[in-house]
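Participant: Predicted model, plus sequence, below.
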Amino acid sequence: MPILLQMPIYIALYSMLNNSVELYRSPFVGWIRDLTAADPYFVLPVLTGILMFVQQRTQPVPPDPQQKMMMYLTPVMFTAFSIFLPAGFDDLYFDQYGAHLLAAVAPESRRQARATEGRDHQAGEGMMEDAANVLKTILSKMGVDHEVVASETDERITLEVTGPETGLVIGKKGQTLDSLQYMVNKIVSKKLGEGEGKPITVDAEGYRSRRAEALVEAGAQAGGEGQAHRAAGGGPIR
């Protein structure tokens with residue numbers, strides 16, 4: 001029905017393009033030098049057929065095999081028919097199908113983006129809570145008096161352990177802390193799926209930052225001693 005309502009407009013446009021003296025040999029854009037003549041390189045008919053096919057793919061596939069076949073053959077027949085039409089007529093169809101396709105795709109893309117953003121936000125909040133609960137369970141099994149403070153950034157989740165027994169949580173040179181971090185990451189990633197979610201850092205009373213600062217300071221001191229030794233004419237430090 002919509003096509004039948006538009007047919008008078010298309011017929012009038014076709015008649016105007018065939019009889020318009022103003023548009024005869026009037027350049028339009030690029031390779032189109034005459035809107036009243038057919039596209040010399042068949043670019044617009046082919047592009048219009050492609051847009052028509054893509055637009056039909058966004059619609060539900062009819063269950064009837066004959067209707068399904070007609071849906072796929074219509075763009076081919078229309079492309080062959082458009083080859084002999086004036087370029088102005090092809091340009092009208094190209095703009096029309098392009099606008100329809102954008103109107104159909106843009107809202108769906110925004111809806112999917114909002115849904116994905118919502119799922120990611122919920123997954124991020126759930127992951128932080130799951131990680132904190134896993135760490136609390138492990139520390140309770142160890143019999144450690146503790147408090148766990150969870151925080152999150154765009155890159156990672158941090159679980160900070162506080163309490164009177166953080167020395168037991170840290171262990172010798174942070175080995176127990178590293179083991180706790182490894183276990184929490186493994187348990188949470190197994191629940192979410194391998195490679196999903198953010199990395200989880202387990203810390204206790206700021207131990208990791210203090211450890212990093214101590215290593216930097218030790219490296220700087222070692223570098224200064226080496227420079228002084230070489231300046232004094234000594235050999236390499238072994």
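Facilitator: Good, I have the coordinates. Note that the structure is a prediction, hence the values are computed from the model and not measured.
Participant: how would you label residue 148: helix, strand or coil?
Facilitator: strand (DSSP: H, G, I helix; E, B strand; the rest coil).
Participant: who's it bridged to?
Facilitator: Following DSSP bridges, residue 148 is listed with bridge partners residue 161.
Participant: Can you name the residues that contact it?
Facilitator: Residues near residue 148 by C-beta atoms under 8 Å, 6 or more residues apart in numbering: 132, 135-136, 139, 159-162. In short, each C-beta sits where N, CA and C put it, glycine included.
Participant: which among those residues end up buried?
Facilitator: Buried by 16 or more other C-beta atoms under 10 Å: 132, 135-136, 139, 159-161, out of the contacts of residue 148.
Participant: Filter those residues down to just the ones in helices.
Facilitator: Within these, residues falling in helices by DSSP state H are 132, 135-136, 139.
Participant: could I get the buried ones among the contacts of residue 148 as CSV with distance to residue 26?
Facilitator: Formatted as CSV, the buried ones among the contacts of residue 148 follow (distance: C-beta to C-beta, whole Å):
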residue, distance to residue 26
132, 71
135, 75
136, 77
139, 81
159, 71
160, 73
161, 78
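Participant: and which of those is nearest residue 63?
Facilitator: Ranked by distance to residue 63 (C-beta to C-beta), these are led by residue 132 at 50.8 Å.
Participant: The residue lying closest to the closest one once chain neighbours are set aside - how many residues pack around it?
Facilitator: Residue nearest to residue 132 in three dimensions, not counting chain neighbours: residue 150, with 4.3 Å by C-beta to C-beta, 6 or more residues apart in numbering. Look at residue 150: counted by other C-beta atoms under 10 Å, it has 17 neighbours.
Participant: For residue 150, which residues are in contact?
Facilitator: Applying C-beta under 8 Å, 6+ apart to residue 150 gives the contacts 128-129, 131-132, 157-160.
Participant: Now for those: which two are most distant?
Facilitator: Greatest spatial distance among the contacts of residue 150 (C-beta to C-beta): 129 and 160, at 15.0 Å.
Participant: May I ask which two of the ones in helices among the buried ones among the contacts of residue 148 are separated the most?
Facilitator: 132 and 139 (10.7 Å).
Participant: thought residue 161 was touching residue 171?
Facilitator: No. Assessed by C-beta atoms under 8 Å, residue 161 is found out of contact with residue 171, at 11.9 Å.
Participant: State the next helix or strand along the chain beyond the helix or strand of the chain with the lowest mean pLDDT.
Facilitator: The weakest-scoring helix or strand in the chain, judged by mean pLDDT, DSSP states H and E, is helix 2-19 (a mean of 68). Note on helix 2-19: by DSSP states H and E, the next helix or strand toward the C-terminus is helix 43-57.
Participant: need the next SSE after that following helix, C-terminal direction.
Facilitator: The helix or strand immediately downstream of helix 43-57 is helix 65-82, counting by DSSP H and E.
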